[in-house]
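Participant: Attaching a predicted model along with its sequence, questions to come.
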Amino acid sequence: MINVAIDGPSGAGKSTISKMVAEKLGITYLDTGAMYRAVALYAYRKGIDVNDQERVVPLLDDVDISFELKDGQKIILLNGEDVSQAIREHYVSKLASDVSKIPQVRKFLVAMQRKIAETTDVVLDGRDITSYVLPNAKFKFYLTATAEERATRRYKELTAKGQEVDFDRILNDIIDRDYNDMNRDFAPLVQTQDSVYIDSTHLSIDEVAAIIIGTVTGATKA
Ligand code: DC
């Protein structure tokens, strides 16, 4: 199986680039962050504090996550409901980061991710793919950019949509989430030594995608 594992902090462009790479390689894309977001959304809708491990863990028995193609777009289903839009709401980002600290939540989702990777050619992006989910993946990348650059990209994206946003708040949210994701006890975000490090601060999406595709296809041909 071809497994391309891409980790990095929030807003580094992982999902856009992973989607492009998967499309160019003709393989599947698995957005593991969406899975944490779906669990967070489920707990939130049940009125449960995502930091309350004792109350979150039993919920996992009632969570069914799957992906489907709808009009050519990959959608995520939570117990059969399309939550692709709902999980992208800003408030869900921090909830997802918090819920992802719970080891049982991680084990639950990691088991699904490993099963998919065992049977499918796939590009996976997340925080712990290269270090914990698939440490033996043939292709491993760590994609990052400075916090300021990631905040600037997010700011432009939101203002282009007509939303009124505060740059400092976006930057602070990014810094907070980085801290959360890099400092949790279980499977934190780390850069593994065998990952190709890509700092995209001064690179375009196409340039980053080209580095990844070049590495994968170069190695595949060899
Ligand atoms: O990539 P994202 O912003 O959609 O991810 C949301 C949160 O989920 C992120 O802040 C941390 C968590 N996450 C994780 O812990 N491990 C992953 N493999 C993917 C996401």
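Facilitator: All right, it came through fine.
Participant: what sits up against the worst-scoring helix or strand of the chain on mean pLDDT?
Facilitator: One helix or strand of the chain scores below all others by mean pLDDT, DSSP states H and E: helix 205-221, with a mean of 92. With contact meaning CB atoms under 8 Å, 6 or more residues apart in numbering, helix 205-221 is reached by 2, 4, 6, 13, 16-17, 20-21, 24-25, 138-139, 141, 143, 196, 198, 200. (Each C-beta comes from the backbone N, C-alpha and C, glycine too.)
Participant: Show the buried residues in those.
Facilitator: The neighbour-count test (16 or more other CB atoms under 10 Å) applied to these identifies 2, 4, 6, 13, 17, 20-21, 25, 139, 141, 143, 198, 200 as buried.
Participant: Please flag which of those residues sit within strands.
Facilitator: When DSSP state E is applied, these are split such that 4, 6, 139, 141, 143, 198 fall in strands.
Participant: in the protein, which spans are helices?
Facilitator: For the chain, applying DSSP state H gives helices covering 14-25, 32-45, 53-59, 90-99, 103-119, 147-160, 167-183, 205-221.
Participant: now these in CSV, with distance to the ligand?
Facilitator: Formatted as CSV, the helices of the chain follow (distance: least, CB to the nearest ligand atom, whole Å):
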stretch, distance to the ligand
helix 14-25, 7
helix 32-45, 2
helix 53-59, 14
helix 90-99, 3
helix 103-119, 7
helix 147-160, 11
helix 167-183, 5
helix 205-221, 16
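Participant: Pick the most buried one from those.
Facilitator: Across those, averaging neighbours per residue (mean count of other CB atoms under 10 Å) puts helix 32-45 on top, at a mean of 22.
Participant: who does that helix touch, helix- and strand-wise?
Facilitator: helix 53-59, strand 65-70, strand 73-78, helix 90-99, helix 103-119, strand 122-126 (3 or more CB pairs under 8 Å, 6 or more residues apart in numbering; DSSP states H and E).
Participant: repeat that with 7 Å
Facilitator: Here helix 32-45 touches helix 53-59, strand 73-78, helix 90-99, helix 103-119, strand 122-126, going by 3 or more CB pairs under 7 Å, 6 or more residues apart in numbering; DSSP states H and E.
Participant: by how many degrees do that helix and strand 65-70 diverge?
Facilitator: Angle, helix 32-45 to strand 65-70, by axes from the mean of the first three to the mean of the last three CA atoms, to 10 degrees: 110 degrees.
Participant: and helix 32-45, average pLDDT?
Facilitator: For helix 32-45, mean pLDDT rounds to 98.
Participant: Please apply the same query to stretch 131-140.
Facilitator: Mean pLDDT, stretch 131-140: 98.
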